[in-house]
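Trainee: Quick one: sequence and predicted model below, then my questions.
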Amino acid sequence: MRRNGEMKLGLFSVQAGQNEGAWLDPSVPASGGVDVDHFAHLTTLAEGAAFHFVFVPDSPSVIDPDSATIARVSRNDGFEPITLLSALSSRTQNIGLVATATTTYWQPFHLARMFASLDYLSRGRAGWNIVTSGFRFEAANFGEEELPDHDTRYSRAREFVDVVKGLWDTWEDDAFIRDKKSGIFVDTSKLHLLEHRGKYLSVKGPLNTARPPQGYPVLVQAGASDAGIAFGAEVGEVVFTAEPLLENGKRYYAILKEKARALGREDDQVLVMPGIVPIVGRTKQEASEKLQKLQSYTHIDVLMGAANRSLGFVTDLHSIDLDSLVPETLPKTNLTQSRQKVLLDLAVRQKLTWRQLIRFISDSKGHLMVVGTPDEVASAMVDTFEQRAADGFNVMPATYPGGLKDFVEFVVPELRRLGKFRSRYSGQTLRENLGLKRPPNRFAQVNVGSDA
């Protein structure tokens, strides 16, 4: 596998921070979710540190189960990701802009056009985090009672992504000649109808936006169930994972790369980037005190709500003895299966009680969490990178902007001292900065073959 020895870094961009109690910290702006200047500040901090991209998560629903939880969480007043990143594209120059959008409740034409537009607005810095929906309340916002079953969602996603890529290809790269002398704006010999009729979708095309500067915006995927791994190996160029245990991370990394290789893909064209929650202090004690302070803000209703959601709403936590050990298995969920598996694996291996697991979910959402000095955080990252459990990380600070400032000021220099992170941007587009190839146009390739 070709690696230049330097890890990739993304910033997981949410309004308050990864910790469920973050918005109550005095240093965190309470109205950050609807403040474009707040997100611009975070993105500028990340760009100044040469992060590869910012990553904006999303769900087209309120994801919390009841009013008691909704009343105390800070996530239900946020921007739609593509809209937000379109605004941020004019305030940044180099950093990639990755937006989450679901294949279950969008139409391919809408997303193909919107991401092509974002790629043009940002001059080639767009990325699409492809999700299949995993929250129980999304279905009711689109006229359905329940989410489609897990495997059906992934089956539709495969077809959906193929249609979107096909729409991006309906104009060849040099189709728009815009020749004022001849009066010809576009060479229609380089226009192609998609004419897709599949199991889930019927889309004629063409797209009424030119082919994106990157060919395709970078395709990001997050999933660790069997279906998710197969999908990531097939279409993902950046794969976002939750792996708090090194051995599990190494296993996931090896399996994903092997499956991608079997499909003819090169290792360095499929980048595995697990999440990391760094809580940085000048001493270990200071870092621990920061975490304890955040934990003191978090109400039991929020703890229970986050745990229920992450475990897939398969058990009533209010009826469980919280000081009993977490069992090895729970009923299978139709929601986010990979997160449930990660959390159960951790609980069983570390012999966690329900109380301990619920707290861990609130603090980290199941990601690797490192509480310590800058060299301890950097050491954990380098170890994970060098043992081939990651090609980089999606950095998920506990609070914004303070946790991000700590990471940029203290951990990034340590990573650079160790030779594991760059000091400047190396390319113009997100693909170039990640070392990803620009995809050829499927129709142009057919034409070349037929001419031969």
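Mentor: Structure's in. What do you need? Residues are numbered from 1 along each chain as shown.
Trainee: from here on, contacts and neighbour counts on C-alpha atoms
Mentor: Fine.
Trainee: A287 against V371, yeah?
Mentor: Yes. The pair A287 and V371 qualifies as a contact (C-alpha atoms under 8 Å) at a distance of 5.7 Å.
Trainee: Overlap of the contact sets of these two?
Mentor: 279-281 (C-alpha atoms under 8 Å, 6 or more residues apart in numbering).
Trainee: which one of the residues you listed has the most neighbours?
Mentor: V280 (29 neighbours; other C-alpha atoms under 10 Å).
Trainee: quick one, phi/psi of that residue?
Mentor: Backbone geometry at V280, expressed as degrees, to the nearest 10, gives phi -110, psi 130.
Trainee: Make sure it is actually in contact with V377.
Mentor: Yes. Under the criterion of C-alpha under 8 Å, V280 makes contact with V377 at 7.4 Å.
Trainee: ok, for P65, nearest residue in space, not its chain neighbours?
Mentor: G305 (6.6 Å; C-alpha to C-alpha, 6 or more residues apart in numbering).
Trainee: How is that neighbour assigned, secondary-structure-wise?
Mentor: At G305 the chain is in helix, as set by DSSP: H, G, I helix; E, B strand; the rest coil.
Trainee: same deal with F55?
Mentor: F55, by the three-state scheme (three-state DSSP), is strand.
Trainee: Tell me how far F51 lies from R309.
Mentor: F51 sits 30 Å away from R309, going by C-alpha to C-alpha, to the nearest Å.
Trainee: out of those two, which sits in the more crowded spot?
Mentor: Legend: neighbour count by other C-alpha under 10 Å for F51 and R309, higher for F51 (28 against 21).
Trainee: a helix runs through the more buried one, doesn't it?
Mentor: No. Under three-state DSSP, F51 sits outside any helix and is assigned coil.
Trainee: these two touch, right, it and M7?
Mentor: No. Using C-alpha under 8 Å, F51 is not in contact with M7; the gap is 10.1 Å.
Trainee: Tabulate the shared contacts of A287 and V371 (JSON lines), appending distance to G17.
Mentor: Output for these, formatted as JSON lines (distance: C-alpha to C-alpha, whole Å):
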{"residue": "I279", "distance to G17": "11"}
{"residue": "V280", "distance to G17": "14"}
{"residue": "G281", "distance to G17": "17"}
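Trainee: for this protein, what's the longest helix?
Mentor: helix 150-168 (DSSP state H).
Trainee: who touches that helix?
Mentor: 103-104, 108-109, 111-112, 116, 132-133, 194, 196, 198, 200-201, 203, 205-207, 210-212, 215-216, 227-228, 231, 334-335, 442.
Trainee: Give me the buried subset of the residues you listed.
Mentor: Neighbour-count burial (16 or more other C-alpha atoms under 10 Å) applied to the contacts of helix 150-168 gives 103-104, 108-109, 111-112, 116, 132-133, 194, 196, 203, 205-207, 210-212, 215-216, 227-228, 231, 334-335.
Trainee: Sort out for me which of the residues you listed are in helices.
Mentor: Using DSSP H, 108-109, 111-112, 116, 227-228, 231 are the members of the buried ones among the contacts of helix 150-168 that sit in helices.
Trainee: Many thanks, we can stop here.
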